[in-house]
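Trainee: pasting the sequence and the predicted model now:
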Amino acid sequence: MPELPEVETTKRGIEPHLKGHKIISMVIRQPKLRWPIPTNLPDLVKGLTVLSLSRRGKYIGLHTEKGTIIVHLGMSGSLYFVGEGTPPLFHDHVDFQLSNGKWLRYTDPRRFGAILWHDASSEEKNASIKDSWQQHTLLASLGPEPLTMDFNANYLFLKAKNKKQAIKTFIMDSKQVVGVGNIYANEALFLSGIHPHKAAGTINAEQFTVLVDCIKKVLSKAIEQGGTTLKDFVGGDGKPGYFKQSLNVYGRAGDPCVTCSSILEESRLGQRSTVFCNSCQK
DNA sequence: AGGTTCGCCTGCGGGC
DNA sequence: TGCCCGCAGGCGAACC
């Protein structure tokens, strides 16, 4: 399940093999992802050059001279390179044939991901293509990146003001901050000592300082660890390197808390499994 | 209008 | 063993 660290790891991994290379062809075997892949996309991207890549939240943008190919990995998606003629398996939905002889392959068993297009040809001259994709409907109202200065305790404190929503649901809301999925929300709240069910508006500035710090730490640690396995999947074995993250609470309901040995509890919040220590998290 | 639930999918694990 | 069912999850859309 790609969360922000996996998406960043993927983006960094494919970047050197894509940047500056031309798309010779695009093959769609299964267009039915979360939204259908635009039927005309292969015609549209044929002959375009991937000038640069960027990531916004869990979206990856492949910027070309005419616009941006937007890729989301959903729950089970991955992007990696295969050699010419590598036979596609059942869930290998899309290939991009590149001028450097490599093929970029998109695999997504559960098809929660997406491949879309943002056309930049009608933008005003000043707006660079790199920036223009953020005007896309899916990206326009996203909150700040968690690892930038824009995401800080003061920001989150002000956003949470008067909110009755549970803090866990709140930090998983991409309008508040992007890239905090279920695993890291659970982990960050545990490390912060904040109870996941606590109303966001009742958390004080001091606690938000701790929480923001923990979110940044958990995410950047995961990116670091993801980075160590980069070459494994760029080499083309078809599996992104899922880093080994030591999880304190996620998936450990019923087990003892690593801090106080109380039995970890599980609940549902917004349909998501929520695990916490009822004595460490207040 | 803020907040909650739904629905898209397949793989997997538990129960029998 | 094999089948069936329930659950898992990102996140926009639909709903209340």
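Mentor: Received it, and whenever you're ready, just let me know what you need.

Trainee: other residues contacting the host helix or strand of A:Thr169?
Mentor: With secondary structure defined by DSSP states H and E, A:Thr169 is part of helix A:167-171. If you take CB atoms under 8 Å, 6 or more residues apart in numbering as the criterion, helix A:167-171 is touched by A:156, A:160, A:163, A:176-177, A:180, A:185-186, A:188-189, A:194-200, A:203, A:211, A:215, A:269-270, A:272, A:274. Where you see a C-beta, it was placed from the backbone N, CA and C, and this is true even at glycine.

Trainee: alpha carbons only: can I get that helix in CSV?
Mentor: What follows is helix A:167-171, C-alpha atoms only, in CSV (Å, rounded to 0.1, in the frame of the first residue of the first chain):
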residue,chain,number,x,y,z
ILE,A,167,-7.7,14.1,15.2
LYS,A,168,-6.8,11.0,13.3
THR,A,169,-9.5,11.6,10.6
PHE,A,170,-8.4,15.3,10.6
ILE,A,171,-4.7,14.5,9.8
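
Trainee: do it and DNA strand B meet at all?
Mentor: Yes. Residues of helix A:167-171 contacting DNA strand B under CB under 7 Å from any atom of the strand: A:Thr169.

Trainee: where along the stretch 1-150 of chain A do the strands fall?
Mentor: Secondary structure of the stretch 1-150 of chain A (DSSP state E, counting those that start in this stretch): strands at A:23-28, A:52-56, A:59-63, A:67-72, A:78-82, A:92-98, A:103-107, A:114-119.

Trainee: average pLDDT for the helix holding A:Thr169?
Mentor: For helix A:167-171, the mean pLDDT works out to 94.

Trainee: put the alpha carbons of whichever helix or strand comes after that helix into PDB.
Mentor: Remark: after helix A:167-171, the chain's next helix or strand is helix A:182-192, criterion DSSP H and E. Taking Å, rounded to 0.1, in the frame of the first residue of the first chain, the C-alpha atoms of helix A:182-192 are listed here in PDB:
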ATOM      1  CA  ASN A 182      -3.700   5.200   7.800                       C
ATOM      2  CA  ILE A 183      -0.400   3.600   8.800                       C
ATOM      3  CA  TYR A 184       1.400   6.800   9.500                       C
ATOM      4  CA  ALA A 185      -1.500   8.400  11.100                       C
ATOM      5  CA  ASN A 186      -1.700   5.600  13.700                       C
ATOM      6  CA  GLU A 187       2.100   5.700  14.200                       C
ATOM      7  CA  ALA A 188       2.400   9.500  14.500                       C
ATOM      8  CA  LEU A 189      -0.400   9.700  17.000                       C
ATOM      9  CA  PHE A 190       1.100   7.000  19.100                       C
ATOM     10  CA  LEU A 191       4.500   8.700  19.100                       C
ATOM     11  CA  SER A 192       2.800  12.000  20.000                       C
END
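
Trainee: helix A:182-192 near DNA strand B anywhere?
Mentor: No. Judged by CB under 7 Å from any atom of the strand, helix A:182-192 makes no contact with DNA strand B; its nearest approach is 11.8 Å.

Trainee: next structured bit after that helix?
Mentor: Using DSSP H and E, the next helix or strand after helix A:182-192 towards the C-terminus is helix A:205-227.

Trainee: just the C-alphas of that following helix, formatted as PDB.
Mentor: Provided in PDB are the C-alpha atoms of helix A:205-227 (Å, rounded to 0.1, in the frame of the first residue of the first chain):
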ATOM      1  CA  ALA A 205      -0.700  24.400  20.300                       C
ATOM      2  CA  GLU A 206       1.900  22.500  22.300                       C
ATOM      3  CA  GLN A 207       0.500  19.100  21.400                       C
ATOM      4  CA  PHE A 208       0.300  20.200  17.800                       C
ATOM      5  CA  THR A 209       4.000  21.000  17.900                       C
ATOM      6  CA  VAL A 210       4.700  17.500  19.000                       C
ATOM      7  CA  LEU A 211       2.300  15.900  16.500                       C
ATOM      8  CA  VAL A 212       3.700  17.800  13.500                       C
ATOM      9  CA  ASP A 213       7.200  16.900  14.500                       C
ATOM     10  CA  CYS A 214       6.200  13.200  14.800                       C
ATOM     11  CA  ILE A 215       4.400  13.200  11.400                       C
ATOM     12  CA  LYS A 216       7.500  14.700   9.800                       C
ATOM     13  CA  LYS A 217       9.800  12.200  11.500                       C
ATOM     14  CA  VAL A 218       7.800   9.100  10.700                       C
ATOM     15  CA  LEU A 219       7.500  10.100   7.000                       C
ATOM     16  CA  SER A 220      11.100  11.100   6.500                       C
ATOM     17  CA  LYS A 221      12.400   8.000   8.200                       C
ATOM     18  CA  ALA A 222      10.300   5.900   5.900                       C
ATOM     19  CA  ILE A 223      11.600   7.800   2.800                       C
ATOM     20  CA  GLU A 224      15.200   7.200   4.000                       C
ATOM     21  CA  GLN A 225      14.500   3.500   4.400                       C
ATOM     22  CA  GLY A 226      12.700   3.300   1.100                       C
ATOM     23  CA  GLY A 227      15.700   4.900  -0.500                       C
END
